[in-house]
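J.: just the structure for this:
(one chain, ligands or ions: 1)
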Amino acid sequence: MSPLNSKLIKTQCYMDGCWQDAADGGRFEVLNPASGERVAELANAGAKEAKLAIEAAHAALPAWRAKTAKERSQILHRWFRLVMDHQEDLAQILTAEQGKVLAEARGEIAYGASYIEWFSEEAKRVYGDVIPAPAGDRRIVVIKQPVGVVASITPWNFPNAMLARKAAAALAVGCTVVAKPASETPLSALALAVLGEEAGIPPGVFNVVCGDDAEAIGRELTAHPLVRKVTFTGSTAVGKLLLKQCAETVKKTSMELGGNAPFMVFDDADLEAAVAGAMAAKFRNAGQTCVCVNRFLVQEGIYDAFAARLAEEVAKFKLGNGAESDTTMGPLIHGKAVAKVKEMVEDAVGKGAEVLMGGGVSAVGPEYFEPTVLINASAEMRIHAEEIFGPVVALFRFKSEAEGLALANETPFGLAAYFYTQDASRQWRVGEALEAGMVGINETGISNEMAPFGGIKESGSGREGSKYGIEDYVEIKYMCMGGISGS
Ligand code: ADP
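T.: Below is the predicted model:
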């Protein structure tokens, strides 16, 4: 990994302010998805290390919680500055372990940093309430306190930003954190810890435990009574498992799970705007984001024109190693992901979809899937029900607004939804009717630190970013002050 900044490359876990190996000396490999080459070999932590990290986080809690909001704010703000000062280094690490193109990796670092900046500001605004009491000798006061030790479990698709937006909110209010990044992409999390330490985050306040036995680490994080909150981003299946495990000790949870985003194009849409929005919302990270469009639902009057224009744009991608400057789409995360996308395309074609473009594993290499456009998709196909997580556009057709909406909502998921129409009444009507936590109307750039990110239905609970995001990390305490006599 020669050009990478060696200060930021860590191969041990970060616990209680120290870089530590696993007790049994075990190690695991991190591979570059673009080539299969080894990027690094890391300490392979398990349940034992997770327990030590929890204990360190618990020990660090009283002093961190006792700091003034302004002190925590200043530390977080220094962290934000350091992340931005190292944007290029962090982006290169991200691309090496994750595969996304460098331009997107730089964007992710800035996006993750924006949450650290935001929560450094919100730290000072965790207000309580004074409520009129039912009796003259009492006062009702509501204060907000940190939930305590927070366990964070994050996925490989945004290894920097998913952790940054959880940790920043937790630390801002006075919680301490044990982070478990995905075993595919732990280096970005460890690099964040390096910069956190430099920013002045005290030992034990932010810990990173990485290992390839997610189940064992996850069991410890969800079972340990000292962990008071689990925040998770990942698949719905694992989210459900973690919720069950958390039930034993009644932990607070935030779950950001899978999506099945519809993208509706009405006959009255601005075609060029819809195509541009579709490209941005479908192909970021080679289609591997939870808010990526899964189903394009296109009204019959604009269907052919939209399909043709979209295919023209899709044809422009250049696949390759994300570290090369002319690459516009990188590989999928691993061979299993490629195989799953391939199966879903084959299933669709077997059930009547027509391939307008692409459709298979790319000649660039076995890690790459061709940007693909399928027309005549239908509700019987796996593509309608399951998250594709790859660069595949599937176009469904609808006649009326009601039919389109029914199709859009015909899913247990409810993360993001998008639609394009120039009719102002329809913008409100459809916006209100879509069952999703986030709706983009003539816009697909919906994720930013100022807005509440999160889903409904089986896409999860809780919100990240915005003024709402901080609420997930505080407990409400009501104090009733009695015996207050008149003068
Ligand atoms: P993806 O399909 O994006 O890999 P996962 O839900 O499998 O989604 O992974 C998201 C995060 O959850 C990763 O950090 C992964 O290591 C972790 N994970 C996977 N299985 C478990 C489990 N049984 N318990 C705890 N964490 C898990």
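
J.: Gly211 contacts Ala22, correct?
T.: Yes: with contact defined as C-beta atoms under 8 Å, Gly211 counts as touching Ala22 (7.1 Å). All C-beta spots, glycine's among them, are computed from the backbone N, C-alpha and C.

J.: out of those two, which sits in the more crowded spot?
T.: Comparing Gly211 with Ala22 by other C-beta atoms under 10 Å, the one with more neighbours is Gly211, at 24 against 20.

J.: which helix or strand contains the residue nearest to the more buried one when sequence neighbours are not counted?
T.: Distance criterion C-beta to C-beta, 6 or more residues apart in numbering; nearest residue to Gly211, sequence neighbours excluded, is Ala45 at 4.0 Å. In the assignment (DSSP states H and E), Ala45 maps to no helix and no strand.

J.: per-residue pLDDT, Ala45?
T.: Reading off the confidence values, Ala45 has pLDDT 98.

J.: I'd like to know how far the spatially most central residue of the chain sits from the ligand.
T.: The centroid of the chain falls nearest to Met162 when counting by C-alpha atoms, centre = their mean (4.4 Å). Distance of Met162 to the ligand, given as C-beta to the nearest ligand atom, to the nearest Å: 9 Å.

J.: with Ile140 instead?
T.: 40 Å.

J.: for Pro202, same thing?
T.: On the measure of C-beta to the nearest ligand atom, Pro202 and the ligand end up 25 Å apart.

J.: where does this protein get nearest to the ligand, residue-wise?
T.: Gly218 (2.1 Å; C-beta to the nearest ligand atom).

J.: what helix or strand is that residue on?
T.: helix 214-223.

J.: what residues sit buried inside that helix?
T.: For helix 214-223, the neighbour count (16 or more other C-beta atoms under 10 Å) marks Ala214, Ala216, Ile217, Gly218, Arg219, Glu220, Leu221, Thr222, Ala223 as buried.

J.: same for it, what does it pack against?
T.: Under the contact criterion of 3 or more C-beta pairs under 8 Å, 6 or more residues apart in numbering; DSSP states H and E, helix 214-223 touches helix 47-66, strand 149-153, strand 176-180, strand 227-233, helix 236-247.

J.: turn the ones you listed into JSON lines, columns for mean neighbour count and distance to Asn321.
T.: Below are these laid out as JSON lines (neighbours: other C-beta atoms under 10 Å; distance: least, C-beta to C-beta, whole Å):
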{"stretch": "helix 47-66", "mean neighbour count": "20", "distance to Asn321": "33"}
{"stretch": "strand 149-153", "mean neighbour count": "28", "distance to Asn321": "29"}
{"stretch": "strand 176-180", "mean neighbour count": "29", "distance to Asn321": "28"}
{"stretch": "strand 227-233", "mean neighbour count": "25", "distance to Asn321": "26"}
{"stretch": "helix 236-247", "mean neighbour count": "17", "distance to Asn321": "29"}
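
J.: a markdown table for those, including distance to the ligand?
T.: Output for those, formatted as a markdown table (distance: least, C-beta to the nearest ligand atom, whole Å):
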| stretch | distance to the ligand |
| --- | --- |
| helix 47-66 | 10 |
| strand 149-153 | 5 |
| strand 176-180 | 6 |
| strand 227-233 | 7 |
| helix 236-247 | 3 |
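
J.: right, and those - which one's nearest Glu435?
T.: helix 236-247 (15.3 Å; C-beta to C-beta).

J.: what does the helix holding Gly218 contact?
T.: 45-47, 49-51, 54, 151, 153, 178, 180, 182-183, 209, 211, 227, 230, 238, 241-242, 245-246, 248-249, 251 (C-beta atoms under 8 Å, 6 or more residues apart in numbering).

J.: CA atoms only: put it into PDB for me.
T.: What follows is helix 214-223, C-alpha atoms only, in PDB (Å, rounded to 0.1, in the frame of the first residue of the first chain):
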ATOM      1  CA  ALA A 214     -19.000 -10.900  13.300                       C
ATOM      2  CA  GLU A 215     -21.400 -13.200  15.000                       C
ATOM      3  CA  ALA A 216     -19.200 -13.700  18.100                       C
ATOM      4  CA  ILE A 217     -18.400 -10.000  18.400                       C
ATOM      5  CA  GLY A 218     -22.100  -9.100  17.800                       C
ATOM      6  CA  ARG A 219     -23.300 -11.500  20.400                       C
ATOM      7  CA  GLU A 220     -21.000  -9.900  23.000                       C
ATOM      8  CA  LEU A 221     -22.000  -6.400  22.000                       C
ATOM      9  CA  THR A 222     -25.700  -7.200  22.200                       C
ATOM     10  CA  ALA A 223     -25.600  -9.400  25.400                       C
END
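
J.: near the ligand, which residues of this structure? Just list them.
T.: In this structure, the chain approaches the ligand at residues 153-156, 180, 182-183, 214-215, 218, 234-235, 238, 241-242, judged by C-beta under 6 Å from any ligand atom.

J.: looks like Val178 contacts Ala151 (just checking).
T.: Yes: counting by C-beta under 8 Å, Ala151 is a contact partner of Val178 at 5.1 Å.

J.: between these two, what contacts are shared?
T.: Common neighbours of Val178 and Ala151, using C-beta under 8 Å, 6+ apart, are Ile54, Leu221, Val227.

J.: closest one of those residues to Ala133?
T.: Distances from Ala133 to these, taken by C-beta to C-beta, are shortest for Val227, at 35.3 Å.

J.: where in the protein is pLDDT low?
T.: Within the chain, the ranges that satisfy pLDDT under 70 run 1-3.

J.: looks to me like Ile375 is in a strand.
T.: Yes: the assignment for Ile375 is a strand, going by DSSP: H, G, I helix; E, B strand; the rest coil.

J.: what sits against it?
T.: Taking C-beta under 8 Å, 6+ apart as the criterion, Ile375 is in contact with Ala307, Ala353, Glu354, Leu356, Leu395.

J.: for the last one, give me phi and psi.
T.: Which is Leu395. When read as degrees, to the nearest 10, the backbone of Leu395 gives phi -100, psi 120.

J.: doesn't Ser325 belong to a helix?
T.: No: the assignment for Ser325, made by three-state DSSP, is coil rather than a helix.

J.: what sits closest to it if chain neighbours are left out?
T.: In space, Ser325 is closest to Leu102, 7.2 Å off (C-beta to C-beta, 6+ apart).

J.: that neighbour and Ala96 touch, don't they?
T.: No: assessed by C-beta under 8 Å, Leu102 is found out of contact with Ala96, at 10.0 Å.

J.: which one of these two has more residues nearby?
T.: Ala96 (28 against 19).

J.: could I have the one helix or strand that one maps to exported to PDB, CA atoms only?
T.: In this assignment (DSSP H and E), Ala96 forms part of helix 87-98. What follows is helix 87-98 as a C-alpha-only set of coordinates in PDB (Å, rounded to 0.1, in the frame of the first residue of the first chain):
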ATOM      1  CA  GLN A  87      -9.300  13.700   3.000                       C
ATOM      2  CA  GLU A  88      -7.000  12.400   0.300                       C
ATOM      3  CA  ASP A  89      -5.200   9.800   2.500                       C
ATOM      4  CA  LEU A  90      -8.500   8.600   3.900                       C
ATOM      5  CA  ALA A  91     -10.000   8.400   0.400                       C
ATOM      6  CA  GLN A  92      -7.200   6.200  -0.900                       C
ATOM      7  CA  ILE A  93      -7.500   3.800   2.100                       C
ATOM      8  CA  LEU A  94     -11.200   3.600   1.400                       C
ATOM      9  CA  THR A  95     -10.800   2.900  -2.300                       C
ATOM     10  CA  ALA A  96      -8.100   0.300  -1.500                       C
ATOM     11  CA  GLU A  97     -10.300  -1.700   0.800                       C
ATOM     12  CA  GLN A  98     -13.800  -1.000  -0.600                       C
END
